[in-house]
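[1] Please work out how this folds:
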Amino acid sequence: MTRNRILVVDDEPSIRMAIRRFLTGAGFEVSDADNRASALSQARKERPDAIILDYQLRDCTALDLLPQFKMIDASVAVIVLTAHGSVELAVSAIKEGAEQFLTKPVELPTLLVILNRTLDTQRSRQADQADRKKESRDVLDPFIGTSARIKQLESDVQKVVSTDRPILIQGETGTGKGILGNWLHRNGRRHQEPFVDLNCAGLSKDFLESELFGHERGAFTGAVQAKQGLLDLAHRGTLFLDEIGDVDPQVQPKLLKVLEEKRFRRLGDVKDRTADVRLVAATHHDMNLLVRSHRFREDLYFRISTIVLHLPALRERVEDIEVLAADILARVAHELGRPGASLAESGVRALQEYSWPGNIRELKNVLERSLLLSDRNEIRRGDLRFGQGSSDTATDDSRLTLTDVEARHITRALKEEDGNVERAAKRLGVTRNTLYYKMRKHRIALPKDSKTVFENSKSAQVP
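    Residues are numbered from 1 along each chain as shown. Predicted structure coming up:
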């Protein structure tokens with residue numbers, strides 16, 4: 001992981017050396033300067049994440065340097081140190097862009113705490129700015145279409161958008177659960193507060209705990225400095241946990257405590273912290289099956305499923321494909337510098353005939369790939385490049401990886417056997433347990449009418 005770069009600006013060699021040694025030992029990459037020219041030169045060359053700046057240098061003051069540092073990098077965090085602190089100086093420095101104003105002498109451990117806090121604030125601000133830029137550039141509407149399923153979803157969402165109760169979004173992979181989660185935040189009462197998201201799929205217990213709750217310095221090997229968790233960053237805002245069904249069972253009680261008591265502890269800390277967050281969770285799993293198989297706590301499931309929203313699969317709303325594809329193609333064409341791209345009637349029919357195992361995410365990939373590889377702006381049936389499909393949808397198997405072919409073959413077998421895992425396993429020439437393993441590996445979900453297959457098989461594993 002890249003270390004934070006710190007620039008120390010002070011004309012006292014002993015102070016520069018002490019701060020540099022201490023921060024280097026704490027895991028930072030540190031450079032220093034003793035005058036205006038060298039400080040500006042180092043700032044341009046190193047692009048530090050933070051600057052520790054003495055107020056009074058021999059040739060200038062912090063008030064002279066602060067605007068110039070901000071011209072080089074508007075996001076740089078500056079901590080000003082002074083031997084002669086006053087309210088007037090502090091106000092002036094803050095107005096010029098300083099994050100902190102400290103009076104000397106400063107204890108080095110105290111300086112480290114303030115520096116880490118400042119960097120955490122800076123990272124949070126940068127992440128929020130990046131999210132806002134991305135949103136303004138690529139805001140998607142989760143309710144595009146005229147089908148009864150999508151109109152019912154929109155009606156349900158409008159009834160609950162203003163509540164602070166937990167919301168669980170269920171739907172197959174690629175149906176747009178993240179888009180709907182973001183929409184709920186942007187249109188809810190907490191829209192001016194942070195939106196923080198985490199995909200829990202495949203995360204180990206330790207990594208998930210560190211990401212959610214944060215940790216103190218020395219909490220575990222490699223924890224050279226304290227780290228804010230996502231609960232800290234999402235305070236008063238929205239926490240979106242994608243694939244919540246994959247949360248490690250040992251982490252689930254701690255998450256339940258956050259929802260019930262609004263309190264948590266960082267790893268390695270004994271002090272409770274407050275977390276007032278609105279939880280929006282999403283999963284492609286059948287959560288009832290996870291609860292019955294003791295992979296997900298029943299009390300946590302009841303807590304997160306106060307409101308459940310179901311996103312329909314694309315094959316369940318075929319009448320929406322034409323307008324969805326037109327909207328996505330317009331966005332993709334803009335990104336690729338191909339204005340005026342459109343779908344021919346034959347292209348629309350081909351899209352409507354395809355089964356879309358990857359749903360809207362796959363639709364976007366198909367349109368993007370087809371436009372990139374086509375010499376014309378009107379996309380016809382023959383231009384469409386499906387990643388998973390049959391010969392009547394212009395699939396070129398030579399473009400697929402072995403992983404793609406295996407996933408496609410398993411999906412087709414399950415579909416043709418109406419979701420019966422035992423029959424599909426026999427058809428594929430593998431054991432039932434092997435098929436379950438491969439379904440988990442490729443994240444292939446069973447149709448909803450396949451529940452009895454799991455319930456009647458003691459050895460079955462939920463994919």
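
[2] And the helices in the stretch 51-200 of the chain?
    62-72, 87-95, 108-137, 148-160, 177-186 (DSSP state H, counting those that start in this stretch).

[3] where in this structure is pLDDT low?
    1-2, 85, 128-139, 387-402, 404, 447-463 (pLDDT under 70).

[4] who's in contact with the closest residue in space to R125 that isn't next to it in sequence?
    In this structure, R125 finds its nearest non-sequential neighbour in S75, 7.5 Å apart by Cβ to Cβ, 6 or more residues apart in numbering. Glycine gets a C-beta too; all of them are placed from N, C-alpha and C. Applying Cβ atoms under 8 Å, 6 or more residues apart in numbering to S75 gives the contacts Q122, R125, Q126.

[5] What count of nearby residues applies to the last one?
    In other words, Q126. Number of residues near Q126 (other Cβ atoms under 10 Å) recorded here: 12.

[6] With adjacent residues omitted, what lies nearest to it?
    Counting by Cβ to Cβ, 6+ apart, Q126 lies nearest to S75, which is 6.0 Å off, once chain neighbours are set aside.

[7] Please state the backbone phi and psi of the one you found?
    Taking degrees, to the nearest 10, you get phi -90, psi 0 for the backbone angles of S75.

[8] can you check A33 too?
    Main-chain torsions, A33, degrees, to the nearest 10: phi -150, psi 150.

[9] Leaving aside the residues adjacent along the chain, what's closest to it?
    In space, and not counting its chain neighbours, A33 is closest to A39: 4.0 Å by Cβ to Cβ, 6+ apart.

[10] was I right about that neighbour contacting D11?
    No: between A39 and D11 there is no contact under Cβ atoms under 8 Å: 10.1 Å.

[11] More neighbours: those two, which one.
    Neighbour count, other Cβ under 10 Å: between A39 and D11, A39 has more, with 26 against 14.

[12] quick revisit: any idea how far the residue nearest to A33 is from V106?
    Distance, A39 to V106, using Cβ to Cβ, to the nearest Å: 19 Å.

[13] repeat for R186
    41 Å.

[14] Kindly report the same for N4.
    Counting by Cβ to Cβ, the gap from N4 to V106 is 18 Å.

[15] Looking at the two, which one has more neighbours?
    Neighbour count, other Cβ under 10 Å: between N4 and V106, N4 has more, with 21 against 16.

[16] give the contact list for that one.
    Contacts for N4 (Cβ under 8 Å, 6+ apart) come out as F28, E29, D49, A50, L119.

[17] What sits closest to it if chain neighbours are left out?
    Distances taken as Cβ to Cβ, 6+ apart put D49 closest to N4, at 4.6 Å, once the chain neighbours are dropped.

[18] Now the phi/psi pair for that neighbour, please.
    Torsion angles, degrees, to the nearest 10, at D49: phi -80, psi -30.

[19] Surely it and D73 touch.
    No: in this structure, D49 is not within contact of D73 by Cβ under 8 Å, at 9.2 Å.

[20] Quick check on those two: which one has the bigger neighbour count.
    Shown here are D49 and D73; by other Cβ under 10 Å, D49 has more neighbours (23 against 14).

[21] Against T163, how distant is the more buried one?
    Using Cβ to Cβ, we find D49 at a distance of 38 Å from T163.

[22] what does Y354 give?
    Going from Y354 to T163 by Cβ to Cβ gives 37 Å.

[23] list the contacts for R263?
    By Cβ under 8 Å, 6+ apart, the contact set of R263 is K257, D272, R273, T274, A275.

[24] List the contacts of V91.
    Applying Cβ under 8 Å, 6+ apart to V91 gives no contacts.

[25] Can you tell me how far it is from L57?
    Distance check for V91 against L57: by Cβ to Cβ, it reads 20 Å.

[26] One more: F386?
    F386 sits 64 Å away from L57, taking Cβ to Cβ as the criterion.

[27] same thing with T82?
    Here T82 is placed at a distance of 11 Å from L57 (Cβ to Cβ).

[28] repeat for P253
    Taking Cβ to Cβ, one finds P253 at 53 Å from L57.

[29] The two - which one has more neighbours?
    L57 (20 against 11).

[30] just checking, the more buried one touches I15?
    No: judged on Cβ under 8 Å, L57 makes no contact with I15 at a distance of 11.8 Å.

[31] Give me the phi and psi for A282.
    Here A282 shows phi and psi, under degrees, to the nearest 10, equal to phi -140, psi 150.

[32] Quick check: chain neighbours aside, which residue is closest to it?
    Closest residue to A282 apart from its sequence neighbours, by Cβ to Cβ, 6+ apart: K177 at 3.8 Å.

[33] A helix includes D320, no?
    Yes: per DSSP: H, G, I helix; E, B strand; the rest coil, D320 lies within a helix segment.

[34] which ones are touching it?
    I144, G145, T146, S147, I150, L314.

[35] hmm, try it at 6 Å
    The neighbourhood of D320, defined by Cβ atoms under 6 Å, 6 or more residues apart in numbering, consists of G145, S147.

[36] separation between it and V247?
    When D320 is compared with V247 (using Cβ to Cβ), they lie 32 Å apart.

[37] Over to A223?
    Distance, A223 to V247, using Cβ to Cβ: 22 Å.

[38] Could you do V348 as well?
    As defined by Cβ to Cβ, V348 lies at a distance of 40 Å from V247.

[39] More neighbours: which of the two?
    More crowded of V348 and V247, by other Cβ under 10 Å: V247, with 25 against 18.

[40] returning to that earlier point: please verify my assumption that the residue nearest to A282 contacts L168.
    No: K177 is not in contact with L168 according to Cβ atoms under 6 Å; the separation is 9.9 Å.

[41] Which residue is the nearest non-sequential neighbour of V430?
    Leaving aside its chain neighbours, V430 sits nearest to K438 (7.6 Å; criterion: Cβ to Cβ, 6+ apart).

[42] so what's the backbone phi/psi at the one you found?
    Main-chain torsions, K438, degrees, to the nearest 10: phi -70, psi -30.

[43] Tell me who's in contact with N187.
    Contacts of N187 (Cβ under 6 Å, 6+ apart): V161.

[44] For G176, see how far away it is.
    In this view, N187 and G176 are 15 Å apart by Cβ to Cβ.

[45] same deal with T283?
    Separation of T283 from G176 (Cβ to Cβ) stands at 14 Å.

[46] cool, and Y436?
    Taking Cβ to Cβ as the measure, Y436 falls 27 Å from G176.

[47] And for L311?
    Between L311 and G176 the computed distance is 6 Å (Cβ to Cβ).

[48] residue furthest from the geometric center of this protein?
    R58 (46.4 Å; Cα atoms, centre = their mean).

[49] Please look at it and V9 and confirm they touch.
    No: applying Cβ under 6 Å, one finds R58 not in contact with V9, separated by 11.5 Å.

[50] To what extent is H409 buried, counted in neighbours?
    H409 has 13 neighbours, counted by other Cβ under 10 Å.
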